[in-house]
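Trainee: Quick check, what structure comes out for this input:
(chains A and B)
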2 protein chains.
Amino acid sequence: MNWEKNVRTVVPYVPGEQPKDQNVIKLNTNECPYPPAPGVAAAAKEFHADCLRLYPDADSTLLTESLATYYQVNKEQVFVGVGSDDVLALAFLTFFHSKTPIFFPDVTYSFYDVWADLFRIPYEVKKLDNQYKIVVDDYLTENGGIIIANPNAPTGVLETVENIEKIVKENPDVVIIIDEAYVDFGGTSCLPLVEKYENLLIVQTFSKSRAMAGMRIGFAIGSKKIIKYLQDTKFSFNSYTMNATSLAIGVEAVKDETYFHEIVNKIISTRERTKRELAKLGFEFTDSMGNFIFATHSKFHAKDLFEACKINHIYVRYWNKPRIDNRLRISIGTDEEMNALIGFLKKYMMLEK
Amino acid sequence: MNWEKNVRTVVPYVPGEQPKDQNVIKLNTNECPYPPAPGVAAAAKEFHADCLRLYPDADSTLLTESLATYYQVNKEQVFVGVGSDDVLALAFLTFFHSKTPIFFPDVTYSFYDVWADLFRIPYEVKKLDNQYKIVVDDYLTENGGIIIANPNAPTGVLETVENIEKIVKENPDVVIIIDEAYVDFGGTSCLPLVEKYENLLIVQTFSKSRAMAGMRIGFAIGSKKIIKYLQDTKFSFNSYTMNATSLAIGVEAVKDETYFHEIVNKIISTRERTKRELAKLGFEFTDSMGNFIFATHSKFHAKDLFEACKINHIYVRYWNKPRIDNRLRISIGTDEEMNALIGFLKKYMMLEK
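Mentor: Predicted coordinates:
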C-alpha cells in the first residue's frame, strides 16, 4: 500500500473560527453586521424548490448581466464564482502559469501562499514598509504575475490607484490581480483601469459590503480576453458552480443600491468612531479602509487581549505569525457590538494594569 | 503585451444545452423529471435570508452527518462539494499526482480528459469491448490512478462489484475513483469496499436520483485517510464551497428515504417500458442502468434523429465523437414525456422510410 506517494500534499488555509454559540459577539471574520438587502429575503421566499431538479444556468446570465450594468462594463467582462476565493483560486490556476515567481506582499491575505503551494506556483513575497505600505519598485522586476489586495488585509491599508497603475503599466507580460474584497468601505476601485490594461483582473465579493458571505458569491471584472481565459478554466473545472438559489438571490443584492450605500456608510461611521475609542485606550492602528481595524497596544500583548476577549464571548482575529503577532484584527460590527468590545477592553485594561 | 504566454490554456468541457424555452421536452442532461423531496421545498420556504450575512459552516457538518448516517459510515469518511463535478475535479487534483498515466475507458464521461488536461495529468484511455464493457486486464498494468464511471455514462453499462474489486485489489499503489452518479437507478454500489481498501474513493451526486441538479451537491465516501487528503485540498482551494441554502436544503433530501425510493422506482419503470417501445421501433441499446438510454438505429442516423427531435422541441443528447457518433443518449423523463418522444419517433420514421 503505497498510494500516498502519488497524492498532492498541501498545508490548507485555516479560516476564522465559526463558533456554534450564537451569543458570541463575532468580530473575527469581517462579516457584515447587517442583513442583506430586503429584496434578497423576498426572492428567497419566492424561490420555487421544484425548479431545483434542473441544472442552473451555467453562464449565470442574469447575475453577470446585473453586475455588468452596475459596474458599467460589457457582460463578457464579468466572471462570477463561489465567493471571491473560488474566483481567485481559478485565477491563480489560469494566470500564474509561468516558471518565474509571482509576487505579493509579505503581510496580506493568507490564502495567497496556500493557492501558490496548491498549484506549485513559485512565489516571492515582497516586504511591506513599516507603515505596511507596498514598495512599488519591488514589483517592477521580472515576475510571473502579481496579486495585491487593495485595501490590504489584514492591515486595511489602501494603495493609490496611481501606484497600482504604475505596477500594471510596467508589467505588460504578466497578469496583475487586484483583490478588492474590501474596496467598498472607503477605497477607490481600480476598475476603470481594466479598459486600458488587458492583463488586469479586479476581484470583488458579495461577502462583505453586500452582506452575503453565506451565499458564496464573488466576481471578477477585466478585459473580454482575460475573462474568456477564466471562463475556459471554470468550464474545465465545474460547469455549474453557482447554484440556482445563488443566481436568483444574488441579483437582488445588486439591484438595491440605496440599501447598499446605507449599510456601507453605517459600517464606515462605526469604524471611524471605533478608531477614536480605541485611540483613547492607547491602541495604535493603520488607517484601515476595510470593515475591520488592525490594532496593537504598547502595554498589552495582542495574544492576551485576544484570549481575554474570547473568554468573554467576544471573538476577534489573531495570527501567531512574524510581523503581525502583536496585532488584533477587529471586524466592525454594529454600534452596540463595538460598545460592548470597548467596554470590555476598558474594564480589562483597568484590572490588568 | 505578451501576458498570454503565461496563461494555462485549456479546451473546456461543453455541458448539455439548457434551452431558455420552457416548452421543450428536455431529455438531454439526465435531470430527474420529478421535483425534490417535499421537505426540500419546506426547508427552502423556512430559510432565513438574514443569516446569509454570516459565512456558512465550512465543514458542512449537518449535511456530512446526514450522509454518514444514511450510508452507515463515519462522518470523517464523507466529503461534500459543489456537485460531483467539484468533488471529481478536486479528487483529480489531489490523487492523480503521479507522472505515470492514469487510466479510464475510451467511452465515458467526457469531463475526465478535460480535468486531466486542465491539471496536466498524463492519461491513457482503455478501449471498451464491443459491448461497451471494460476489459479488466487493461487496468492491471502500471498506472498513476484509475477512474471508472459505474454505471458508465453515456452507455449506462454496469460493471460488477467483483470486476471493480479486482481492479482495486491489484492497484494498491494508486487511488481508484468510482464515479457512481447513476448507481441508484438499478446498479450495485461499491461502497462496502471502502472499508477494505483505503485507496478507493466512491463519488455520488444529488443531481440525478435526488432531483437537485440546481442545488449543486455531490459527495465522496472513502477511508478517513483518503477523505482527509481531499479535505486538505478543498481547504487549500476554497474554505466555503457549500452555501448556506445548499446545506439547509440538502439535508432534507437525504432524510426522505420513502420519496427517494418512490421516484427512483418510477424512473426505473419508465426506463424499462421505454426500452420495450424503442425496441419495437427497431432501436438497439445497451441494458442501461442509468436514468437514460444509449440507443442506435440501423436505418436512421443518430444525428438526423437528434436534429429532427430538436426541431420538434424534444432535446436529447448527441456527440459527434468516434465510436459513439451514431448513438443518442435519451434521458428518462416522465411517462408523458417518453410517450411524446416515442410518438414523434414513430411518425418521423414512418414519413422518412
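
Trainee: Specify the helix with the largest residue count in chain A.
Mentor: Longest helix in chain A, counting residues (DSSP state H): helix A:257-280.

Trainee: which residues are contacting that one?
Mentor: Helix A:257-280 is contacted by residues A:32-34, A:37-38, A:70, A:184-186, A:209-211, A:253, A:285, A:287-288, A:291, A:293, A:295, A:330, A:332-335, A:338, A:341-342, A:345 when judged by Cβ atoms under 8 Å, 6 or more residues apart in numbering or on different chains. Every C-beta, even on glycine, is put in place using the N, C-alpha and C of the backbone.

Trainee: Could you do stretch A:323-338 as well?
Mentor: A:25-31, A:33-34, A:106-107, A:153-154, A:267, A:270-271, A:273-274, A:277, A:291-296, A:301-303, A:305-306, A:316-319, A:341.

Trainee: Equivalent analysis for stretch A:187-194, please.
Mentor: A:71, A:73, A:77, A:150-151, A:158, A:160-161, A:164-165, A:168, A:178, A:180, A:183, A:200-202, A:221-223, A:289.

Trainee: and if we set it to 10 Å?
Mentor: With Cβ atoms under 10 Å, 6 or more residues apart in numbering or on different chains as the test, stretch A:187-194 has contacts from A:71-73, A:77, A:148, A:150-151, A:156, A:158-161, A:163-165, A:168-169, A:176, A:178, A:180, A:183, A:197, A:200-202, A:204, A:220-224, A:226-227, A:289-290.

Trainee: Now the terminal residues of it, how far apart.
Mentor: 17 Å (Cα to Cα, to the nearest Å).

Trainee: before we move on, what about stretch A:50-66?
Mentor: End-to-end distance for stretch A:50-66, by Cα to Cα: 25 Å.

Trainee: Please spell out which residues along that stretch are buried.
Mentor: Within stretch A:50-66, the residues that count as buried by 16 or more other Cβ atoms under 10 Å in any protein chain shown are A:L52, A:R53, A:L54, A:Y55, A:P56, A:D57, A:A58, A:D59, A:S60, A:L63, A:T64, A:S66.

Trainee: Against which helices or strands is the host helix or strand of A:L88 packed?
Mentor: Secondary structure assignment for A:L88, by DSSP states H and E: helix A:83-95. Judged by 3 or more Cβ pairs under 10 Å, 6 or more residues apart in numbering or on different chains; DSSP states H and E, the packing partners of helix A:83-95 are strand A:78-81, helix A:112-118, strand A:146-149, strand A:176-179, strand A:200-205, strand A:218-222, helix A:224-237, helix B:224-237.

Trainee: picking that back up, which ones among the buried residues of stretch A:50-66 come in contact with chain B?
Mentor: Restricting these to those touching chain B (Cβ under 10 Å from any Cβ of the partner chain) yields A:L52, A:R53, A:L54, A:Y55, A:P56, A:D57, A:A58, A:D59.

Trainee: now these in JSON lines, with secondary structure and pLDDT?
Mentor: Output for these, formatted as JSON lines (DSSP: H, G, I helix; E, B strand; the rest coil; pLDDT from 0 to 100):
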{"residue": "A:L52", "secondary structure": "helix", "pLDDT": "96"}
{"residue": "A:R53", "secondary structure": "helix", "pLDDT": "97"}
{"residue": "A:L54", "secondary structure": "coil", "pLDDT": "96"}
{"residue": "A:Y55", "secondary structure": "coil", "pLDDT": "96"}
{"residue": "A:P56", "secondary structure": "coil", "pLDDT": "96"}
{"residue": "A:D57", "secondary structure": "coil", "pLDDT": "95"}
{"residue": "A:A58", "secondary structure": "coil", "pLDDT": "95"}
{"residue": "A:D59", "secondary structure": "coil", "pLDDT": "96"}
